[in-house]
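**Student:** Quick one: sequence plus predicted model below, questions after.
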Amino acid sequence: MRSAALLLTLLAATTVQGGPLAYGICQAGCSKVVTACYSAGGFVFGTVTAGVGTPAAVLDCTSSYGKCQNACAAVALSPTL
C-alpha cells in the first residue's frame, strides 16, 4: 500500500509547468514575426512610436505582437508532460 502511494505521488509530480523556457521560446517567435511584419511594411521594429501619423501597417503589427505575447503567457502557465 505504501509503495502504491509513493508511485501515485511520483506520477503526479511528473506534470510540470511550461515555465520560463517555453515562455522564452514563444517570446522569441513573437519577436521574429513582428520584426518581419515591420520589414514587410518598410519599417524597422523598435524605431516607430505610436502617434497620430502612425501607418496602419505598423499599428496592425503592434496589435498582433501584443496578442502573441498574451498567448505566450498562456503557454507559460499551461501544464506539459
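**Tutor:** Sure, I can see it. Numbering: from 1, shown residues only.
**Student:** The residue nearest the centre of the chain - nearest residue in space that isn't next to it in sequence?
**Tutor:** With distances taken as CA atoms, centre = their mean, residue 72 lies nearest the centre of the chain, 2.4 Å away. Distance criterion CB to CB, 6 or more residues apart in numbering; nearest residue to residue 72, sequence neighbours excluded, is residue 26 at 3.7 Å. In this view, the C-beta of every residue, glycine as well, is placed from N, C-alpha and C.
**Student:** I'd say that neighbour and residue 71 touch.
**Tutor:** Yes - with contacts counted by CB atoms under 8 Å, residue 26 reaches residue 71, the gap being 7.2 Å.
**Student:** In terms of neighbours, single out the busier of these two.
**Tutor:** A count of neighbours by other CB atoms under 10 Å puts residue 26 above the other of residue 26 and residue 71, at 19 against 13.
**Student:** Doesn't the more buried one belong to a helix?
**Tutor:** Yes - according to DSSP: H, G, I helix; E, B strand; the rest coil, residue 26 belongs to a helix.
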